[in-house]
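A.B. asks: Predicted coordinates and the sequence they were generated for:
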Amino acid sequence: MQRITRIMVNHNDSEKLLLLEQYNTLLSLLKPYLTERTFSILSIPKLIDNNQYIAWYTNLEGQPILLSSLTDETHKKQIEETLQTRINDIEMAINSMSLTSEQKTFISSWLPRIKSLGNQIYIVNDDPIIVNTLEQPVLPKPISVAPKGFWRWWHFLLLALLLIGLLGLLWYFFCPYGKEKKTDPIPLVTQPVEEKKPDPEPVIDLPKETNTEPTIQEPVPVAESKIEPEPIPTPEPDPIPKVKNPPNCISQQEITNNRNPSKMVLIFDNSLSMNVTITEPPSEIEKYFKYHFDIGYPRYMSREEIVAFEKRMTRLPTRLSTSKKVARSSIDKIQPNIDISLVTLSTCPAADTTSFFNYAKRGTLKSKINKLTPFDGPQSGTSLYSGVEKASKMLDGVKRDDYILIISDGDDTCTKKNICTLVNSIATQKPRLKINIVDIAGEHKIDCVAKMTGGKVYIAQNPNDMIKQMNKAVSDLKINRPVCQ
């Protein structure tokens, strides 16, 4: 994979960083459904040089040149036609993808950015590549074409047929000759009846008997319907009793009176290993890490086999995407008087920390979690030792109960220091500090961190387990009491 270009990125531009994360999600969704040639028009971004630049890469081999630098207009037009054809292939593939409606809507929302005239177009061996600027899309103005030949001869024929049909209906319902034909049979039927003199007596007697019975019955319903129009007032229903508060709810008075409430630190693994899918068995994940991070891919695997294996092992849902979703939902369940800080494990040698977020700023905290993207570079790693050490220094754990919740898929990869020794010292100095762990990989490498502080380890190796175990981990800390109504 070779680099095409790099673009400087501003650390404070949260919108662009969010778009970068969305673009990577877009690539992971499209990759399984596109041919290698069609997918090659989308360059692959990575943050480099301590997140100061976005580097754009391609799997195509050759010297990349800008499309705008071509002087041969015929050649340039051919490349533009190829680009448009492959964009059309992407649009057609979207309709056949077995995705949720949300995912299809997300992909469709990115089509204008793929087509944007503001993007940089590079060429490698006559294959176009889009370098997305992650800016507002610039689309060509739609050409308004006046409708031609709208009133053609068949439109007049259709209108004529409709008029004929309407005239036919009017003739059928309102023509006087039609009415005369209906009245003709009446005298023909009555004449023979009048000529027969012996028959009228039984015929007349029967209607008299039948007429006497309904005359008795007819006034009864009429009289009843006139007597019963006045509605009887119904008693008003009893007021619905108020819902009782759960026994473990926390009252506003209790929140106000507690001048030294507990605090919590969420330690979130943001290393490259979190990009692996959560739907594959541990044996396949171990093989992927061995090929990707240690010995490299074996020689007997072809390029196509390697690409297919990478696609399968990094497809959604990944450890990172699932952890983000579960973390955001868990934050909503934590009672409002507990402030939360975020510690991320992305690079070596030290973890990154934030200040504490109160209840009103939890939206900002969830936004930070949503924007997390693993750093791909020589300093990438899981700085768990540093993260636990920093988190413990931010908490009291002596005069009040404080908590740490770790979401990680493995051990520290940045240092050889013994984390069990560190936590043993922390537990001695801060006996009221409790640490729970959601272990995504299920390797039990850091169980001592929880056990030494009276916490628990929750194993979660698929999306459903992640939700259940995360809820259990928060519930065990007893910081998810609902507010009394």
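C.D. replies: Yep, it's here. As the structure is a prediction and not an experimental result, all values here were calculated from the model. Numbering: from 1, shown residues only.
A.B. asks: what's the spacing between the closest residue to residue 117 other than its chain neighbours and residue 170?
C.D. replies: Distances taken as CB to CB, 6 or more residues apart in numbering place residue 138 nearest to residue 117, at 4.4 Å, with adjacent residues excluded. Backbone N, C-alpha and C define where each C-beta goes, glycine included. Applying CB to CB, to the nearest Å, the value for residue 138 to residue 170 is 58 Å.
A.B. asks: Please apply the same query to residue 362.
C.D. replies: In terms of CB to CB, residue 362 sits 71 Å off from residue 170.
A.B. asks: got it, and residue 8?
C.D. replies: 77 Å.
A.B. asks: quick one: which of residue 138 and residue 170 has more around it?
C.D. replies: residue 138 (13 against 10; other CB atoms under 10 Å).
A.B. asks: Mind checking what secondary structure the more buried one has?
C.D. replies: coil (DSSP: H, G, I helix; E, B strand; the rest coil).
A.B. asks: Helix or strand: which one has the residue nearest the centre of the chain?
C.D. replies: Ranked by distance to the mean C-alpha position of the chain (CA atoms, centre = their mean), the top residue is residue 102 at 5.3 Å. If you go by DSSP states H and E, residue 102 is part of helix 101-115.
A.B. asks: Check the offset of that helix from the chain's centre.
C.D. replies: Distance of helix 101-115 from the chain centroid (CA atoms, centre = their mean, to the nearest Å) equals 12 Å.
A.B. asks: just stretch 429-444 next, same as before
C.D. replies: 30 Å.
A.B. asks: May I have that stretch exported as PDB, CA atoms only?
C.D. replies: C-alpha atoms of stretch 429-444 as PDB (Å, rounded to 0.1, in the frame of the first residue of the first chain):
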ATOM      1  CA  GLN A 429      -3.600   3.300  50.000                       C
ATOM      2  CA  LYS A 430      -7.200   3.600  48.700                       C
ATOM      3  CA  PRO A 431      -9.300   0.800  50.200                       C
ATOM      4  CA  ARG A 432     -12.600   2.400  49.000                       C
ATOM      5  CA  LEU A 433     -11.500   2.400  45.300                       C
ATOM      6  CA  LYS A 434     -13.200  -0.400  43.300                       C
ATOM      7  CA  ILE A 435     -12.200  -1.500  39.800                       C
ATOM      8  CA  ASN A 436     -14.400  -3.500  37.500                       C
ATOM      9  CA  ILE A 437     -13.300  -4.900  34.100                       C
ATOM     10  CA  VAL A 438     -15.200  -5.700  30.900                       C
ATOM     11  CA  ASP A 439     -12.800  -8.100  29.200                       C
ATOM     12  CA  ILE A 440     -13.500  -8.200  25.400                       C
ATOM     13  CA  ALA A 441     -10.900 -10.800  24.500                       C
ATOM     14  CA  GLY A 442     -11.700 -13.100  27.500                       C
ATOM     15  CA  GLU A 443      -8.000 -13.900  28.100                       C
ATOM     16  CA  HIS A 444      -8.000 -13.100  31.900                       C
END
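A.B. asks: Flag every buried residue along that stretch.
C.D. replies: Going by neighbour count (16 or more other CB atoms under 10 Å), the buried part of stretch 429-444 is 430, 432, 433, 434, 435, 436, 437, 438, 439, 440, 441.
A.B. asks: Could you take those and lay them out as CSV, with extra columns for pLDDT and secondary structure?
C.D. replies: Putting the buried residues of stretch 429-444 into CSV (pLDDT from 0 to 100; DSSP: H, G, I helix; E, B strand; the rest coil) gives the following:
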residue, pLDDT, secondary structure
430, 96, coil
432, 95, coil
433, 96, strand
434, 95, strand
435, 95, strand
436, 93, strand
437, 92, strand
438, 90, strand
439, 88, strand
440, 84, coil
441, 77, coil
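A.B. asks: What is the most widely separated pair among those residues?
C.D. replies: 432 and 441 (29.2 Å; CB to CB).
A.B. asks: on that earlier part again, could you dump the buried residues of stretch 429-444 to CSV with distance to residue 407?
C.D. replies: Below are the buried residues of stretch 429-444 laid out as CSV (distance: CB to CB, whole Å):
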residue, distance to residue 407
430, 21
432, 22
433, 18
434, 16
435, 12
436, 10
437, 8
438, 5
439, 9
440, 7
441, 11
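A.B. asks: which of those residues lies closest to residue 476?
C.D. replies: Nearest member of these to residue 476, counting by CB to CB, is residue 436, at 6.1 Å.
A.B. asks: give me phi/psi at residue 427?
C.D. replies: phi -60, psi -30 (degrees, to the nearest 10).
A.B. asks: Show the pLDDT at it.
C.D. replies: Turning to residue 427, the model gives it a pLDDT of 96.
A.B. asks: likewise residue 313?
C.D. replies: For residue 313, the predicted pLDDT is 92.
A.B. asks: give me every residue that touches it.
C.D. replies: Contacts for residue 313 (CB atoms under 8 Å, 6 or more residues apart in numbering) come out as 276, 277, 280, 284, 285, 288.
A.B. asks: Weed out the non-buried ones from those.
C.D. replies: 276, 277, 280, 285, 288.
A.B. asks: now, the most widely separated pair of those?
C.D. replies: 277 and 288 (9.1 Å).
A.B. asks: Now do the SS call for residue 7.
C.D. replies: strand.
A.B. asks: change the start of the numbering to 18 and stick with it
C.D. replies: With 18 as the first residue, the last one maps to residue 24.
A.B. asks: how far off helix 118-132 does the longest helix along the chain point, in degrees?
C.D. replies: Using DSSP state H, we find that the single longest helix of the chain is helix 90-113. Angle, helix 90-113 to helix 118-132, by axes from the mean of the first three to the mean of the last three CA atoms, to 10 degrees: 170 degrees.
A.B. asks: list the helices and strands helix 90-113 packs on?
C.D. replies: Judged by 3 or more CB pairs under 8 Å, 6 or more residues apart in numbering; DSSP states H and E, helix 90-113 is in contact with helix 53-56, helix 118-132, strand 137-141, strand 144-148.
A.B. asks: roughly how far is that helix from the heart of the chain?
C.D. replies: 28 Å.
A.B. asks: do stretch 433-445 as well
C.D. replies: Computed by CA atoms, centre = their mean, the chain-centroid distance of stretch 433-445 equals 39 Å.
A.B. asks: Just the CA atoms of that stretch, as PDB, please.
C.D. replies: Output of stretch 433-445 as PDB, limited to C-alpha atoms (Å, rounded to 0.1, in the frame of the first residue of the first chain):
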ATOM      1  CA  LYS A 433       6.900  -4.600  31.200                       C
ATOM      2  CA  LYS A 434       6.000  -3.200  34.700                       C
ATOM      3  CA  ASN A 435       3.800  -5.500  36.800                       C
ATOM      4  CA  ILE A 436       0.300  -4.100  36.900                       C
ATOM      5  CA  CYS A 437      -0.700  -6.500  39.700                       C
ATOM      6  CA  THR A 438       2.000  -4.900  41.900                       C
ATOM      7  CA  LEU A 439       0.800  -1.400  41.100                       C
ATOM      8  CA  VAL A 440      -2.900  -2.300  41.900                       C
ATOM      9  CA  ASN A 441      -1.900  -4.000  45.200                       C
ATOM     10  CA  SER A 442      -0.300  -0.700  46.300                       C
ATOM     11  CA  ILE A 443      -3.300   1.300  45.100                       C
ATOM     12  CA  ALA A 444      -5.700  -1.000  47.000                       C
ATOM     13  CA  THR A 445      -3.600  -0.500  50.200                       C
END
